[in-house]
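Participant: no sequence for this one, just the structure:
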């Protein structure tokens, strides 16, 4: 499964994506974020205030409690500044 | 002094304007309207609900109690429907 | 810019010219009014009567008031009169501001004032003749919300 | 119509094409966002990062929601990404309705949702380097007013 990072999160991590294989206990997107943070200090620190981030699953914004199931691509999205 | 009529008021009167010389006791635009209505039954009837009309003096919308003074051109304006 | 005209105009060209005239703006809102013909009540034309001198003066006042009230960088009003067929552009307002809220408020203010204070009167041309468009009470309400 | 693109576009041509595609509309509101450089804090460019697949999906959803909620005849969103210099058009929304209120509400709704839900991130290029534009709390407030 691919995890994408954008904007200043991508910059802080110094990479745009990770290819990950989470263990079976990682059921929801929230679980995935917790699992990723536990493995990466920079990500953990960058997401100290998790409420500001939105998450997408296969290019659709979804709630944090959405199952990851057979997701192909997850993205962690800092607050958007388009328009 | 010229008095202009517009839209359905012009149509009901069957003329676009009058050239008038009101007597000295006609001081304000409201006086002028009263004086014009007293002389013209069609105008009197068309203005039964005077509150819907606006008045202009030399191409500026002004309150009904504005003096006519040396006005050149007064207009009686039915509710506007531009835009 | 204020323009009261019997001529057609190109809304896209007006939008681009207005935008190009200013460099420091962030937000541009435009409103375009178009002659409508409803399938269940078709019209062949809309005939706009106008008192041009008063229209020029009132539109200039409305524009200046909007610019001051919403700190707009610029505002423009173009309004046609004469005979227009369905699909033709009746009028356009443009409001330019640093941010979107002022641009939207400015454009709506311009429209609400223009509806009740600009000396234009519409007549619809139908198969059975001409009929005057009645003023809508909600236009007075829309204008009243800006009172303060 | 939804378009996410790195290419420049012509706002006036888009306005005219959108208007020409519909005959029964009375009111068209457009919003154009333009790259701003303030004299006291100039920028040389605005760099927009984008997640294109998600942008296409989200903009389509926002558009469809606006059309249904305000009974719009049509709505369109065009949004650029990449490097844009001051004066360039960043994005445009268009809302077409029978009457002006729905067109204004529709366009504002599109903007408010787009600001918080469309995956674009702005970076300002200045003499001293690049800096990320911070999300504004008032953008969340603006979006929240449509909750019901």
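Facilitator: Received the coordinates, thanks. Small disclaimer: the values here were computed from a predicted structure and weren't measured. Numbering: from 1, shown residues only, chains lettered A, B, ... in the order given.

Participant: The closest residue to residue C:52 other than its chain neighbours in helix, strand or coil?
Facilitator: Closest residue in space to residue C:52, ignoring its immediate chain neighbours: residue C:4 at 5.4 Å, by CB to CB, 6 or more residues apart in numbering or on different chains. C-beta: built from backbone N, CA, C; applies to glycine. Of the three states, residue C:4 takes strand according to DSSP: H, G, I helix; E, B strand; the rest coil.

Participant: May I see the buried residues of stretch C:52-69?
Facilitator: Judged by neighbour count using 16 or more other CB atoms under 10 Å in any protein chain shown, the buried positions of stretch C:52-69 are C:53-59, C:61-63, C:66-67.

Participant: correction: stretch C:70-89
Facilitator: For stretch C:70-89, burial by neighbour count (16+ other CB under 10 Å) applies to C:70, C:72-81, C:84, C:86, C:89.

Participant: follow-up on the earlier one: cross-check the contact I'm expecting between the residue nearest to residue C:52 and residue C:54.
Facilitator: No: counting by CB atoms under 8 Å, residue C:4 stays clear of residue C:54, with 9.6 Å between them.

Participant: Next up, the contacts around the residue of chain C found nearest chain A.
Facilitator: Closest residue of chain C to chain A, CB to the nearest CB: residue C:100 (7.6 Å). Going by CB atoms under 8 Å, 6 or more residues apart in numbering or on different chains, residue C:100 touches A:83, C:26-27, C:29, D:31, D:33, D:111.

Participant: if you go through the chain in chain order, where are the helices?
Facilitator: Just going to use chain A. Using DSSP state H, the helices of chain A run over A:7-13, A:29-39, A:41-46.

Participant: oops, I was thinking of chain C
Facilitator: Counting by DSSP H, chain C has helices at residues C:11-20, C:52-70, C:100-117, C:137-144.

Participant: Dump the ones you listed into CSV; add mean pLDDT as well.
Facilitator: Below are those laid out as CSV (pLDDT from 0 to 100):
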stretch, mean pLDDT
helix C:11-20, 97
helix C:52-70, 98
helix C:100-117, 96
helix C:137-144, 84
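
Participant: will you turn the ones you listed into a markdown table that also has distance to residue B:16?
Facilitator: As requested, the helices of chain C are arranged in a markdown table below (distance: least, CB to CB, whole Å):
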| stretch | distance to residue B:16 |
| --- | --- |
| helix C:11-20 | 31 |
| helix C:52-70 | 13 |
| helix C:100-117 | 21 |
| helix C:137-144 | 25 |
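
Participant: Nearest to residue D:118 among these would be which one?
Facilitator: Set against residue D:118 and scored by CB to CB, the helices of chain C come closest in helix C:100-117, at 14.1 Å.

Participant: The closest one vs helix C:52-70, what angle?
Facilitator: On the basis of axes from the mean of the first three to the mean of the last three CA atoms, to 10 degrees, helix C:100-117 is oriented at 150 degrees to helix C:52-70.

Participant: can I assume residue C:119 is in contact with residue C:58?
Facilitator: Yes: between residue C:119 and residue C:58 there is a contact under CB under 8 Å: 6.6 Å.

Participant: I'd like to know how far residue C:69 sits from chain D.
Facilitator: Per CB to the nearest CB, to the nearest Å, residue C:69 is found 17 Å from chain D.

Participant: Against chain B, how distant is that residue?
Facilitator: Distance of residue C:69 to chain B, given as CB to the nearest CB: 19 Å.

Participant: ok, residue 78 - contacts?
Facilitator: Picked chain A for this. Residues in contact with residue A:78 (CB under 8 Å, 6+ apart) are A:6-9, A:52-53, D:121, D:135.

Participant: actually chain C
Facilitator: Taking CB under 8 Å, 6+ apart as the test, what residue C:78 contacts is C:1-3, C:5, C:9, C:14, C:91-93.

Participant: out of the residues you listed, what pair is the most spread apart?
Facilitator: Farthest pair in those (CB to CB) is C:5 and C:93. Separation: 14.5 Å.

Participant: Comparing the two, which shows the higher neighbour count?
Facilitator: Remark: of residue C:5 and residue C:93, residue C:93 carries more neighbours, 28 against 13, as counted by other CB atoms under 10 Å in any protein chain shown.

Participant: Give me the local confidence score for the more buried one.
Facilitator: We have a pLDDT of 98 for residue C:93.

Participant: Spatially, what comes nearest to the residue in chain C that chain B sits nearest to if we skip its sequence neighbours?
Facilitator: In chain C, the residue found nearest to chain B is residue C:120; the distance is 2.9 Å by CB to the nearest CB. Nearest non-adjacent residue to residue C:120, counting by CB to CB, 6+ apart: residue B:82, 2.9 Å away.

Participant: Give me the pLDDT value at that neighbour.
Facilitator: Residue B:82 is assigned 94 on the pLDDT scale.
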